[in-house]
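Undergrad: pasting the structure only:
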């Protein structure tokens, strides 16, 4: 009878321990349990061993082992199929097709890393050591070991070459030993006797954050909760970015302080250069525990930061190194260009590259200015033309007014462009993008901030308008009712089409909230038209329809607003 699996144990570990307990070869036990196998000379090689089993085969193996099917599933890497790994395209009918899928995932399919202090004499190997991100034991704060020091072969690989280790049909295994095949038979090295290298406590903490994410716990990016798959998409992007960023000579020193991690990044860089700088290699699973620890040290502080500003500060060195690496690679393709970046991470990376010039000349916050709720998303048109437009040559008015509104929020105390955007109900990435290009056109930052302060003083003299409350009340205004539009259009013999009702709602929203009509809720609805034809239709409405309905539309909008603001 097979032994009871230990929580978190891998399938190979359980099978070897069970075979040793029953005093039978592990290969023979695999056959008896009904694992799908390929036979060889004196060995069997289970198909997708420890990775996944078809549901019917899983039930068969569970029945043979006298265990629940769930216990068998927990010992396979498929346990992480919706978190750290995407195994949705595995083909149980074709091992070759499945391996083509697996080569893009962060798993150590035919080997394992190991904490030699955890294995002990019983020889229990944990499943998570087979994840590509496995680097440090959180319990002992030691680096995981990649290879046996006695035979020089990576743990559980079996042979010096990369083909998967077979399970002997002749020898009874010894769980606490290496067991890799050498010219003199199985390597007898006791795994628990291998010395473990100490790792900094912060790396153990970073590893625990990644493990919690793999288990579906605590997946947030810069304080925003996200799906676990999104977290790992962001994590692998940052890992690839870190490996790309060290293509410059100073990259490793700027990214990590620990000399072990720095050497791992440098060795990885040299290895990729030797492979003609293949772009795909930066997103391959880290080949050593130290390299995995290095990418953990770069990625986890960014992802686990409590907010966008803290995450942007953590990402600052990476963003600077990436900029240098892109400049150095100007004649070649950047490996990051086509990679998916979650919007939450995109906002962080954008915030980590603040607008030059203008931000550098940021004065102290001005006291006598309107509060954030009283700020429109576009600065008053007359104030912009009088004070700001001359300082932003070549800038569209709506672009400049948005930038000026964000700058006003900065002047009132917002510590960054993303924070200014949050006060004005912009997404962080949208705020950074809105500040970046016009900010680079400011030729005299000191005069610009003086002009923004003057605009703030003008605004303070006007009656207070709670634009934030208006945006909240009108957030669901996607169309003016046809019953409202019909009497307005009847005198000019027009009909209230769906699109005219939508255009009217967008105009009301922009008129009352001080925002850009392009950001109106009515235009967030999917629209089957190209951007050019879409905004051409908007222009036709404003020139051909709006002059006939502007006054009654404004009256209706104010009434709806008053009703929404009524306590």
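TA: Perfect, I can see it now. Predicted model, so just to flag it, every value in this text is computed and none were measured.
Undergrad: Just give me the residue closest to the centre of the protein.
TA: Centroid check for the chain by Cα atoms, centre = their mean gives residue 234 as the closest residue, at 1.9 Å.
Undergrad: give me the element that residue is part of.
TA: Per DSSP states H and E: residue 234 is located in helix 228-245.
Undergrad: How much space separates the residue of the chain most remote from its centre from residue 558?
TA: Within the chain, residue 491 marks the point farthest from the mean C-alpha position, 54.4 Å out by Cα atoms, centre = their mean. Computed as Cβ to Cβ, to the nearest Å, the residue 491 to residue 558 distance reads 21 Å. Heads up, the C-betas are built off the backbone N, CA and C, glycines and all.
Undergrad: Give me the helices and strands touching the helix holding residue 234, please.
TA: With contacts defined as 3 or more Cβ pairs under 8 Å, 6 or more residues apart in numbering; DSSP states H and E, helix 228-245 has these neighbours: helix 201-214, strand 220-221, helix 251-255, helix 259-274, helix 289-303, helix 308-328, helix 343-351.
Undergrad: Flag every buried residue along stretch 399-417.
TA: Residues of stretch 399-417 classed as buried by neighbour count (16 or more other Cβ atoms under 10 Å): 399-414, 416-417.
Undergrad: go on, stretch 175-188?
TA: 175, 176, 177, 178, 179, 180, 181, 182, 186, 187.
Undergrad: just stretch 2-10 next, same as before
TA: 2, 3, 5, 8, 9, 10.
Undergrad: before we move on, back to that, go ahead and confirm the residue farthest from the centre of the chain touches residue 549.
TA: No: applying Cβ atoms under 8 Å, one finds residue 491 not in contact with residue 549, separated by 9.5 Å.
Undergrad: Okay, and which of the buried residues of stretch 2-10 map to helices?
TA: Using DSSP state H, no member of the buried residues of stretch 2-10 falls in helices.
Undergrad: all strands of the chain, in order?
TA: 37-39, 43-46, 136-137, 142-143, 167-168, 181-182, 185-186, 220-221, 224-225 (DSSP state E).
Undergrad: ok, the last one: who's next to it in the sheet?
TA: When sheet partners are counted by DSSP bridges, strand 224-225 sits next to strand 220-221 (antiparallel).
Undergrad: got a list of contacts for the partner strand?
TA: 226, 230, 231, 234, 303, 304, 311, 342, 344, 345, 348 (Cβ atoms under 8 Å, 6 or more residues apart in numbering).
Undergrad: which residues of the stretch 401-550 of the chain score low on pLDDT?
TA: For the stretch 401-550 of the chain, residues meeting the criterion pLDDT under 70 lie at 529.
Undergrad: buried set for stretch 527-545?
TA: 537, 538, 541, 545.
Undergrad: can you tell me which of those lies nearest to residue 485?
TA: The shortest approach to residue 485 among the buried residues of stretch 527-545 belongs to residue 545, at 9.6 Å (Cβ to Cβ).
Undergrad: what sits against the closest one?
TA: 489, 494, 500, 503, 504.
Undergrad: my guess is the last one contacts residue 552, does it?
TA: No: under the criterion of Cβ under 8 Å, residue 504 is not in contact with residue 552, lying 10.2 Å apart.
Undergrad: who's more crowded, those two?
TA: residue 504 (28 against 14; other Cβ atoms under 10 Å).
Undergrad: So what's the residue count around the nearest residue in space to the more buried one that is not next to it in sequence?
TA: Leaving aside its chain neighbours, residue 504 sits nearest to residue 480 (4.2 Å; criterion: Cβ to Cβ, 6 or more residues apart in numbering). Residue 480 has 25 neighbours, counted by other Cβ under 10 Å.
Undergrad: ok, residue 480 touching residue 554?
TA: No: with contacts counted by Cβ under 8 Å, residue 480 stays clear of residue 554, the gap being 11.7 Å.
Undergrad: Overlap in contacts, those two.
TA: residue 508.
Undergrad: What number of residues are in the vicinity of the closest residue to residue 8 other than its chain neighbours?
TA: Leaving aside its chain neighbours, residue 8 sits nearest to residue 126 (5.0 Å; criterion: Cβ to Cβ, 6+ apart). Residue 126: 22 surrounding residues under other Cβ under 10 Å.
Undergrad: cool, the one 4 residues further on as well?
TA: Around residue 130 there are 26 other residues, counting by other Cβ under 10 Å.
Undergrad: Just the pLDDT at it, thanks.
TA: pLDDT, residue 130: 95.
Undergrad: in stretch 19-26, what counts as buried?
TA: Buried residues in stretch 19-26 (16+ other Cβ under 10 Å): 19, 20, 22, 25, 26.
Undergrad: who's in contact with it?
TA: Contacts of stretch 19-26 (Cβ under 8 Å, 6+ apart): 1-3, 15-16, 28-29, 123, 167-175.
Undergrad: again, 6 Å this time
TA: Stretch 19-26 is touched from outside by 3, 15, 16, 29, 167, 168, 169, 170, 171, 172, 173, 175, with contacts defined as Cβ atoms under 6 Å, 6 or more residues apart in numbering.
Undergrad: which pair in those residues spans the largest distance?
TA: Farthest pair in the contacts of stretch 19-26, by Cβ to Cβ: 3 and 170, 21.3 Å.
Undergrad: Contact partners for residue 81?
TA: residue 87.
Undergrad: Let's see that with 7 Å instead.
TA: 87, 88 (Cβ atoms under 7 Å, 6 or more residues apart in numbering).
Undergrad: What of residue 192?
TA: With Cβ under 7 Å, 6+ apart as the criterion, the residues that contact residue 192 are 116, 119, 120, 121, 176.
Undergrad: Look at the fourth one and say how many residues are nearby.
TA: So that's residue 121. 11.
Undergrad: What separation do you get for it and residue 177?
TA: Distance from residue 121 to residue 177, by Cβ to Cβ: 10 Å.
Undergrad: what do you get for the second one?
TA: Taking Cβ to Cβ as the measure, residue 119 and residue 177 are separated by 10 Å.
Undergrad: any residues in contact with both of the two?
TA: Joint contacts of residue 119 and residue 177 (Cβ under 7 Å, 6+ apart) are residue 191.
Undergrad: Can you flag which of the buried residues of stretch 399-417 belong to helices?
TA: Going by DSSP H, the helices hold 399-411, 417 from the buried residues of stretch 399-417.
Undergrad: ok, of those residues, which one's closest to residue 157?
TA: residue 417 (49.3 Å).
Undergrad: ok, and the closest non-adjacent residue to the closest one?
TA: residue 435 (4.5 Å).
Undergrad: Tally up the residues packed near the one you found, please.
TA: Residue 435: 26 neighbours (other Cβ under 10 Å).
Undergrad: swap in the one 10 residues further on?
TA: For residue 445, the neighbour count with other Cβ under 10 Å is 19.
Undergrad: one step back: mind giving me CSV with the helices and strands packed on helix 228-245 and columns for distance to residue 144 and mean pLDDT?
TA: As requested, these are arranged in CSV below (distance: least, Cβ to Cβ, whole Å; pLDDT from 0 to 100):
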stretch, distance to residue 144, mean pLDDT
helix 201-214, 9, 94
strand 220-221, 26, 91
helix 251-255, 21, 77
helix 259-274, 13, 85
helix 289-303, 4, 94
helix 308-328, 24, 82
helix 343-351, 27, 84
